[in-house]
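S.K.: Sequence below, structure please.
(2 chains)
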Amino acid sequence: MLLIHCPYCQEERPELEFRNTGEAHIERPKDIAGISDEEFEKFFFIRANPKGVTYERWRHIHGCARFFNAVRDTVSDRFVTTYKAGEPRAEVERGDDGVLTVKGAAQ
Amino acid sequence: MSGANRIKGKGRLTPAKTLRFKFDNRILTAVEGDTLASALLANGIHLTGRSFKYHRPRGMLSAGPEEPNALMDVGRDAVRRTPNIRATVQEVYDGMQTRSQNRWPSLAFDVGGLNNLASPFFAAGFYYKTFMWPKAAWKKIYEPVIRAAAGLGVAPSEPDPDHYSNHFAHCDVLVIGGGATGLSAALAAAHAGAQVILCDEQPETGGAFHHETDATVDGQPGWDWAQAVTAELRAMDNVRVLTRTTAFGYQAQNHVGLVERVTEHLANPDPSLPRERLWQVRARQVVIATGAIERHMVFANNDRPGIMLASAARTYLNHFGVAVGAKVGVYTACDSAWNAAFDLKQAGVSVPAIVDVRPDPDPALVARAKELGIEVFAGQSVLDTSGKLRVKSMKVGKASGGSTRDIAVDALIMSAGWTPSVHMYSQSRGKVVWDEESKRFLPGRNVQDCVSVGACNGVDDLAEAIAGAMKAGHEAALSAGVEAGKPPAAPDAETQTSWAGSMMGSAGGAGPDTTVKAFVDFQNDVTAKDIRLAVREGMHSIEHVKRFTTNGMATDQGKTSNIHGLAIAAEMLDKPLPQVGLTTFRSPYTPVTFGAIVNHSRGALFDPTRLTPMHGWEETQGAVFEDVGQWKRAWYYPRAGEDMHQAVNRECRTVREVAGMFDASTLGKIEVVGPDAAEFLNLMYTNGWDKLEPGRCKYGIMLREDGFIYDDGVVGRLAEDRFHVTTTTGGAPRVMHHMEDYLQTEFPHLKVWLTSTTEQWAVIAVQGPKAREIIAPLVEDIDLSNEAMPHMSVREGKISGVPTRLFRMSFTGEAGFEVNVPADYGKAVWKALWERAEPLGACAYGTETMHVLRAEKGYIIVGQDTDGTVTPDDAGLNWAVAKKKADFVGIRGMKRPDLVASGRKQLVGLVTKDPNTVLEEGAQIVADPNQTVPMTMIGHVTSSYWSENCGRSIAMGVVIDGRSIKGKTLYVPMPDKTIEVEVTDTVFIDKEGVRLNG
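M.R.: Residues are numbered from 1 along each chain as shown, chains lettered A, B, ... in the order given. Predicted coordinates for the structure are as follows:
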């Protein structure tokens, strides 16, 4: 079971308290009623599903109930970082040892 | 007497403490501390089972968890019985009942043994190739027969009467393995002040000291040192020592699963104790000290009872005081088997020969053998063995040919060297690395916060292993954040036993050109020949070889066989062994019972049961309940002599003629509050909310972004900034989640607060012509007249003296109210209302009647008449979609080309030509009943009931372009007949809706 750091509670809590809610940083178009079929397809259906760095949304549903964003390595299943909804995308880099870290973060 | 093969003065058990147990039909004696294996061997029994595929007689191979052969059915009574228990780890208790498996009619004479004679037909991949056709025969004939013939034990048929417990534990350092290295690491970490958990799968710590009696540590025999260290650890407050506890799964972030066998070794366990205890440990640092497992030699007929690992024979002798035979042959490629031979010889057992495949074994060992009078065959092989139910002789000679000698033996011990136990490391997602010098796979880079020490890390020297483990334990404490101080000094240690020498793959006489049965995997009956066949047939990846031959896929997970199988495949492929690769080790390390995993999650504790405040009253009225999600809902209230059908008919009639009371408390409820509450609902629902006045209600439809119906419900506006939202019973949590998602992430600028109030309100629906008359005398502060409180309005006031949110609304088509009161008052208000209702001739009704009544009015149930692919237009609910709103969730999705195209299934009413025929829900609808099968299906029935009020059956369904073919006849083909139906409107009663406003 993974431990996930909730950026609101400021605590690591077991995965059981959380729910994954899909890919992060996909913004609902402001003028959604007016977008084309292709734009709607891209917004609603198309997901990255990468091997490696993935940005995803989680909800601390059995805790503070807040939604937040996380960066996870799909290869090692390791969480790199989590941050509050609305904050900018966290940039990460892979070190020589293959481990992802937040860019510029002090070791 | 505890067995003829017990040697006086040998071993660590107390001979006076005897126990009795049953093996098949025999009562046998054991000594306290015996495993089932050691007790059987003490009684001269090697034959313990039949092999999986060929039903060959088999005996104990090992003295530990790697055992592939000696699987038994063990239990204390008929219900407390567990199949496939490894005899080598199960401790004997007084009165234990054990049975051999996979034999019929008896262990010594087994009909399935004919498979052995037919074995040319049972080569690797045989099942895949042979039972291909006819296709239907696989399920009916081949599979059942194969399953019955091959097989492990029989699962118990009774529910498990014991209980199991689950512990979450946290520690600084978890040490897996209680041998010399594990103990050393734990000691160092503990002295540094770390919180330590040490686990070991055996009843006692000591690891290899169980057999290796020629080692000394800190001036004491190794075993004594280990017990002293264990006692020291047990006495420390910051250490927990868990014996009989197997670490079986190493998961992410140092989450390690341990299973502790609490009572499986006790004759009369305290019933309050759990049978097993699951430990879910979260460790800051893990020290893996899991040692190594000895491999067998792969040679012709190497599976006869009496042929076993050298270290096992040494364990039986030195720990249990049991000689595995009277005349023991030795076949080895590794030094440590020589030490086993010396121990046996010195204990008075005849050891006629040591056969070592190496041409020049250590001269010191050869000299010692000569001194003890053991004949040495260096550079030679055991080419074959004889003996039906027990090995009788071994044929010794050079693999290259020449003369051979048959040597009579009644046991043959062997060693092909030691395989480091990298299971835990591999489970932690570390990648093993091939060490060319020592020819073995060793842990590579650590992926998690762990370290491997001792034999599992390829350290063979005892002193070096102990010193390394102490350092690792100390560093683990430091890494865990403990102010550790200086590491303790490592004790002196030395041993006479050398673990040098190894071979992988088949030994002489079982090489590529032979067809002999040289077993690689005993549990799955895989031979060297099978692996070669797999490679010849094109399996070049070890993963394919494994699956084709099933090598290493039995419950022992190839602990003794994987490396041999890999070496044989590599030889066939003419590739270096590491290039062929090693399969991944998976959890569990050894089999774990369902009981330990399921733990408390069984029976009533499997899932929460949700009861409404009125549940107790409903029970006293004889209600029959149905499960709706986790809720128990009153389904119908049968009176004396009534079946369900009669009860529902009466309830349906009574509601429309008089009135009825219905427990609607399970309805999902969300309080939406804030200055932007209306704007938020505008975005969540298809309807517009701005114009809804406080005190009025509206039916709302919620879509997902894709334009399909997600949920529905009535929303009441209590004030400008306060809405009482209701959802479907099953939809409450997901609707809340859906709303929170949009509020927090897409519309965070809106000032709105959401609160789930499902369980705060008890809801009593009072419906029917006399509804107002029933509630009126109990209501204060609210004008109930039609003019003051019309259909679809909400008022706050008091009922029976308690606060209420009183809704004038209807899911029956009758005039009615839904009385919301705080949950704690639910039962009291219900009773007060019932005292009014009953004398007037009203009834209590359940969910079945609720379903019929709403269907009579064509009201949909989301999830029954819709299925996640239904748009508001499909459901005929276009009137509820605001045309002028700029945005709501689903506004774009519902305009997608496929959602606005013609030919979509639309909700319609269906009436059968024969009014007495009730359609089956889910039945398919066709236009032409005479077409050939498979027919073109144009829709299906979603709701169908007998309507007592209509005097006929009624139904709803979705049909392609259904609204444009009203009046048309369609067909519902059933297995026994085809039913004619007419497409109609969905409203069957009171089309004008006059009753609602009564």
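S.K.: Please report how far the residue of chain A most remote from its centre lies from B:Arg892.
M.R.: Distance from the centre of chain A peaks at A:Gly34, with 27.9 Å (Cα atoms, centre = their mean). Distance of A:Gly34 to B:Arg892, computed by Cβ to Cβ, to the nearest Å: 8 Å. C-betas here are computed from N, CA, C, even on glycine.
S.K.: before we move on, what about B:His319?
M.R.: 74 Å.
S.K.: Over to B:Tyr845?
M.R.: In terms of Cβ to Cβ, B:Tyr845 sits 42 Å off from B:Arg892.
S.K.: So these two - more neighbours on which side?
M.R.: B:Tyr845 (30 against 25; other Cβ atoms under 10 Å in any protein chain shown).
S.K.: surely that one meets B:Val655?
M.R.: Yes. Counting by Cβ atoms under 8 Å, B:Tyr845 touches B:Val655, with 6.0 Å between them.
S.K.: Quick one: name the residues of chain B near chain A.
M.R.: B:251-253, B:255, B:280, B:282, B:429, B:445, B:447, B:705-706, B:737, B:740-741, B:744-746, B:748, B:886-887, B:891-893, B:896-897 (Cβ under 8 Å from any Cβ of the partner chain).
S.K.: Buried subset of the residues you listed, written for ChimeraX?
M.R.: For the buried members of the residues of chain B next to chain A, the matching ChimeraX selection, counting by 16 or more other Cβ atoms under 10 Å in any protein chain shown, is:
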select /B:251,252,253,255,280,282,429,447,705,706,740,741,744,745,746,887,891,892,893,896
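S.K.: and the residues of chain B next to chain A, which of them are in helices?
M.R.: Members of the residues of chain B next to chain A lying in helices (criterion: DSSP state H): B:737, B:740-741, B:897.
S.K.: Now the two most distant members of these.
M.R.: B:Glu740 and B:Pro897 (31.4 Å; Cβ to Cβ).
S.K.: List the residues that contact B:Asn916.
M.R.: B:952-953 (Cβ atoms under 8 Å, 6 or more residues apart in numbering or on different chains).
S.K.: Look at it and give its secondary structure.
M.R.: coil (DSSP: H, G, I helix; E, B strand; the rest coil).
S.K.: got it, and B:Arg314?
M.R.: Counting by three-state DSSP, the backbone at B:Arg314 sits in helix.
S.K.: For A:Asn69, give me its contacts.
M.R.: A:24-25, A:55-58, A:82-85, A:87, A:89-90.
S.K.: Equivalent analysis for B:Asp360, please.
M.R.: B:378-379.
S.K.: and it, what pLDDT?
M.R.: Looking at B:Asp360, its pLDDT reads 96.
S.K.: Over to A:Asp77?
M.R.: Reported pLDDT for A:Asp77: 87.
S.K.: Quick check: nearest residue in space to it, chain neighbours excluded?
M.R.: The shortest distance from A:Asp77 to any non-neighbouring residue, by Cβ to Cβ, 6 or more residues apart in numbering or on different chains, is to B:Ala252 (5.5 Å).
S.K.: Tell me who's in contact with that neighbour.
M.R.: When contacts are counted by Cβ under 8 Å, 6+ apart, B:Ala252 touches A:1-2, A:77-78, B:448.
S.K.: now do B:Ala472
M.R.: B:185, B:188, B:287, B:451, B:453.
S.K.: Narrow those residues to those in helices?
M.R.: B:185, B:188.
S.K.: And the furthest pair within the contacts of B:Ala472?
M.R.: Largest separation among those by Cβ to Cβ: B:Ala188 and B:Val451, giving 12.0 Å.
S.K.: Between the two, which is the more surrounded one?
M.R.: Taking other Cβ under 10 Å, B:Ala188 and B:Val451 do not tie; B:Ala188 has more neighbours (27 against 23).
S.K.: Name the SS class of the closest residue to that one other than its chain neighbours, please.
M.R.: Excluding the flanking residues, the one nearest B:Ala188 by Cβ to Cβ, 6+ apart is B:Gly473, at 3.4 Å. When classified by three-state DSSP, B:Gly473 comes out as helix.
S.K.: cool, and B:Arg284?
M.R.: strand.
S.K.: Do I have it right that it meets B:Cys450?
M.R.: No. Counting by Cβ under 8 Å, B:Arg284 stays clear of B:Cys450, with 10.3 Å between them.
S.K.: Between those two, which contacts overlap?
M.R.: Between them, B:Arg284 and B:Cys450 share these contacting residues under Cβ under 8 Å, 6+ apart: B:Asn254.
S.K.: who's more crowded, the two?
M.R.: B:Cys450 (23 against 19).
S.K.: ok, so what distance separates that one from chain A?
M.R.: 14 Å (Cβ to the nearest Cβ, to the nearest Å).
S.K.: Excluding covalently adjacent residues, which one is nearest to that residue?
M.R.: B:Val286 (3.9 Å).
S.K.: pLDDT weak spots in the chain?
M.R.: You didn't pick a chain, so chain A it is. For chain A, the stretches with pLDDT under 70 are A:106-107.
S.K.: try again with chain B
M.R.: For chain B, the ranges with pLDDT under 70 are B:1-2, B:104-105, B:111-115, B:117-151.
S.K.: Could you list the domains of it?
M.R.: Per automatic domain parsing, the structural domains of chain B span B:1-157, B:165-292+B:420-495, B:299-415, B:504-575, B:669-757, B:857-997.
S.K.: mind checking the end-to-end distance for the longest one?
M.R.: Read it as domain B:165-292+B:420-495. End-to-end distance of domain B:165-292+B:420-495 (Cα to Cα, to the nearest Å): 41 Å.
S.K.: Tell me which stretches of the stretch 151-300 of chain B form strands.
M.R.: With strands called from DSSP state E, counting those that start in this stretch, the stretch 151-300 of chain B shows them at B:165-176, B:196-199, B:215-217, B:220-221, B:239-242, B:245-251, B:255-261, B:276-288, B:292-294.
S.K.: Put together TSV for those, with distance to B:Arg610 on each row.
M.R.: Converted to TSV, the strands of the stretch 151-300 of chain B look like this (distance: least, Cβ to Cβ, whole Å):
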stretch	distance to B:Arg610
strand B:165-176	24
strand B:196-199	38
strand B:215-217	60
strand B:220-221	62
strand B:239-242	38
strand B:245-251	32
strand B:255-261	31
strand B:276-288	27
strand B:292-294	50
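S.K.: hey, what's the most centrally placed residue in chain A bridged with?
M.R.: For chain A, the residue nearest the mean C-alpha position is A:Glu56 (2.5 Å; Cα atoms, centre = their mean). Using DSSP bridges, the bridge partners assigned to A:Glu56 are A:Glu23, A:Ala70.
S.K.: where does chain A come near chain B, residue by residue?
M.R.: Counting by Cβ under 8 Å from any Cβ, the residues of chain A close to chain B are A:1-3, A:19, A:21, A:27-28, A:32-33, A:35, A:37, A:40, A:44, A:57, A:59, A:61, A:65-67, A:76-78, A:85-86, A:97.
S.K.: Go through these and flag which are in helices.
M.R.: Among the residues of chain A next to chain B, the members found in helices (DSSP H) are A:37, A:40, A:44.
S.K.: Noted, bye for now.
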